[in-house]
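Peer 1: sharing a model that was predicted from the sequence below.
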Amino acid sequence: MSQMQYPVGIIGGGAWGTALAAVMAQIHDRVLIWAREEAAVHSINNLHENSLFLPGTSLSSKIEATADLARMIACENLLIVTPAQHVRATLAALPDTQAPLILCAKGIEADTQMLVSDVAVTTRPGNPIAVLSGPTFAHEVAAGKPTAVTLATADQTLGSELMRRIATPSFRPYWSDDVVGAEIGGAVKNVLAIACGVVDGAGLGLNARAALIARGFAEMQRYGLARGAKAETLAGLSGLGDLVLTCSSENSRNFSLGRGLGQGQSSESLLADRKTVAEGAYTAPVLLQSATALDVEMPIVSAVCALLSGSATVDAVVAELLARPLKSESW
Ligand SMILES: NC(=O)c1ccc[n+]([C@@H]2O[C@H](COP(=O)([O-])OP(=O)(O)OC[C@H]3O[C@@H](n4cnc5c(N)ncnc54)[C@H](O)[C@@H]3O)[C@@H](O)[C@H]2O)c1
Ligand SMILES: O=P(O)(O)OC[C@H](O)CO
């Protein structure tokens, strides 16, 4: 048997990694997934279900799970699906491989303000890099429901090759050359979804939610353009598409977190003992730092930070947002 035994491997056995494994098993004979938790590995291999992170979804027996990261070098292409704050350590621990890395986390690294692609380029300078992002609730993707995503690579030839490797009749990637834009949409929408959850939890109404989506999108545009993203990418699947999805459903972990905040609970109690990740809680403070350094105004993101840190009440941040100076609607 050749050294490359798996056309695609997945690093990260949470809900999204598991859903992507289910998609890949539709078109590949063998899929290898690395999960950090032995219980997830055992569940996938023996029960054909990830009972920890994606309970209730039957998985193909073509999917093999391992807790040994070194085994992932047997994969021709690697989807990297750990939460954003753990990508650096995970990639550093991965033994040498030339496989393209398809980055699927949505966040900004705390401390460094780096996008996940910057982290990957720094940690693994020899590997080709791609970003996969878009409106993708894991349980829907795993069930084979129609889904479209952005696949961003600087090199179109690589993008075309990767699209052929991951596209299925129900999972449709669109190529973009805007790696930064694809990442910023996914990272910023998580923070804005917390804000939409707050609106819901506090009973502020649907008009307020629509206003928040539109003005949140203006913040995403301002920040994205300042970091070199293209406006068209931010208006696409990985930006506006994912913003609309995540801001309108309790299925979103970020929206649910915001809902709890809107109902008056503290972020400490909402995040304590949480097994699943609400990336927006980690992205919000670093996003605000980065925006401030770039002289970009993000009042909604700032309000989310105040609620997460407990430094302001819902009533206070809403009053502050509405009392901002009257201005043009333009970005
Ligand atoms: N769930 C979705 O619907 C979905 C869809 C698209 C993108 N994403 C993104 O995918 C990424 C992973 O989210 P998820 O939903 O699969 O996670 P999850 O909430 O289902 O599970 C948590 C994950 O974090 C991992 N983890 C915890 N501590 C870790 C550590 N120290 N090192 C490495 N991994 C660690 C766990 O092993 C587990 O895989 C996030 O960036 C998320 O925004 C999720
Ligand atoms: O549950 P959330 O809020 O992490 O959102 C999941 C996906 O990012 C939606 O595209």
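Peer 2: Yes, it's here. Residues are numbered from 1 along each chain as shown. Ligands and ions are numbered 1, 2, ... in the order given.
Peer 1: dump the residue contacts of the one residue in the stretch 51-200 of the chain that gets nearest to ligand 2.
Peer 2: Per Cβ to the nearest ligand atom, residue 136 is where the stretch 51-200 of the chain lies closest to ligand 2, at 4.5 Å. C-beta coordinates here come from the backbone N, C-alpha and C atoms, glycine included. By Cβ atoms under 8 Å, 6 or more residues apart in numbering, the contact list for residue 136 reads 16, 19, 147, 149, 242.
Peer 1: how about the residues of the chain by ligand 1?
Peer 2: Within reach of ligand 1 by Cβ under 6 Å from any ligand atom, the chain has these residues: 12-17, 36-37, 53, 81-84, 86, 90, 104-107, 136-138, 276-277, 279.
Peer 1: just the buried ones among those, please.
Peer 2: Among the residues of the chain next to ligand 1, the ones that count as buried by 16 or more other Cβ atoms under 10 Å are 12-17, 37, 53, 81-84, 86, 90, 104-107, 136-138, 277, 279.
Peer 1: can you tell me the helix or strand for residue 303?
Peer 2: Element membership of residue 303, judged by DSSP states H and E, is helix 299-309.
Peer 1: in that helix, what counts as buried?
Peer 2: The neighbour-count check on helix 299-309 (16+ other Cβ under 10 Å) flags 300, 301, 302, 303, 304, 305, 306, 307, 308 as buried.
Peer 1: what's near enough to touch the second one?
Peer 2: Taking Cβ under 8 Å, 6+ apart as the definition of contact, the neighbours of residue 301 are 188, 191, 192, 219, 284, 287, 288, 291.
Peer 1: mind running it again at 10 Å?
Peer 2: 188, 191-192, 194-195, 216, 219-220, 223, 280, 283-285, 287-288, 290-291 (Cβ atoms under 10 Å, 6 or more residues apart in numbering).
Peer 1: in helices, which of those fall?
Peer 2: Those of these mapping onto helices are 188, 191-192, 194-195, 216, 219-220, 223, 280, 283-285, 287-288, 290-291, per DSSP state H.
Peer 1: state the distance from residue 91 to residue 46.
Peer 2: Per Cβ to Cβ, to the nearest Å, residue 91 is found 29 Å from residue 46.
Peer 1: list the residues that contact residue 24.
Peer 2: Contacts of residue 24 (Cβ under 10 Å, 6+ apart): 6-10, 30-33, 60, 62-63, 77, 79, 165-166, 168, 171.
Peer 1: wait, residue 79 sits on residue 166?
Peer 2: Yes - if you go by Cβ atoms under 10 Å, residue 79 and residue 166 touch, sitting 8.0 Å apart.
Peer 1: of those two, which one has the most company?
Peer 2: Between residue 79 and residue 166, residue 79 has the larger neighbour count (other Cβ atoms under 10 Å), namely 28 against 23.
Peer 1: is that one bridged to anything, and to what?
Peer 2: residue 10, residue 102 (DSSP bridges).
Peer 1: show me where the stretch 101-250 of the chain has helices.
Peer 2: 116-123, 138-142, 156-166, 179-201, 206-226, 231-234, 242-246 (DSSP state H, counting those that start in this stretch).
Peer 1: name the nearest residue to residue 196, ignoring sequence neighbours.
Peer 2: Closest residue to residue 196 apart from its sequence neighbours, by Cβ to Cβ, 6 or more residues apart in numbering: residue 247 at 3.8 Å.
Peer 1: report pLDDT for that neighbour.
Peer 2: For residue 247, the pLDDT comes out at 96.
Peer 1: check residue 87 too.
Peer 2: 98.
Peer 1: re earlier: distance to residue 69 for the buried residues of helix 299-309 - can I get that in TSV?
Peer 2: Converted to TSV, the buried residues of helix 299-309 look like this (distance: Cβ to Cβ, whole Å):
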residue	distance to residue 69
300	38
301	34
302	38
303	39
304	34
305	34
306	38
307	37
308	32
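Peer 1: and which of the residues you listed is nearest to residue 177?
Peer 2: Of all the buried residues of helix 299-309, residue 177 sits closest to residue 301, with 26.7 Å by Cβ to Cβ.
Peer 1: how near is residue 125 to residue 150?
Peer 2: Separation of residue 125 from residue 150 (Cβ to Cβ) stands at 24 Å.
Peer 1: what's the answer for residue 309, then?
Peer 2: From residue 309 across to residue 150, the span is 32 Å (Cβ to Cβ).
Peer 1: what's near enough to touch the closest residue to residue 66 other than its chain neighbours?
Peer 2: Among residues not flanking residue 66 along the chain, residue 34 sits closest, at 5.7 Å (Cβ to Cβ, 6+ apart). The contact partners of residue 34, by Cβ under 10 Å, 6+ apart, come to 9-13, 17, 40-41, 65-72, 75, 78, 81-82, 90, 94.
Peer 1: thinking again about what came up before, intersection of neighbour lists for residue 79 and residue 166?
Peer 2: By Cβ under 10 Å, 6+ apart, residue 79 and residue 166 have these common neighbours: 8, 20, 23, 24, 102, 130, 132.
Peer 1: next, the angle from the one helix or strand the first one maps to to helix 156-166.
Peer 2: It refers to residue 8. Assigned by DSSP H and E, residue 8 belongs to strand 6-11. In terms of direction (axes from the mean of the first three to the mean of the last three Cα atoms, to 10 degrees), strand 6-11 departs from helix 156-166 by 90 degrees.
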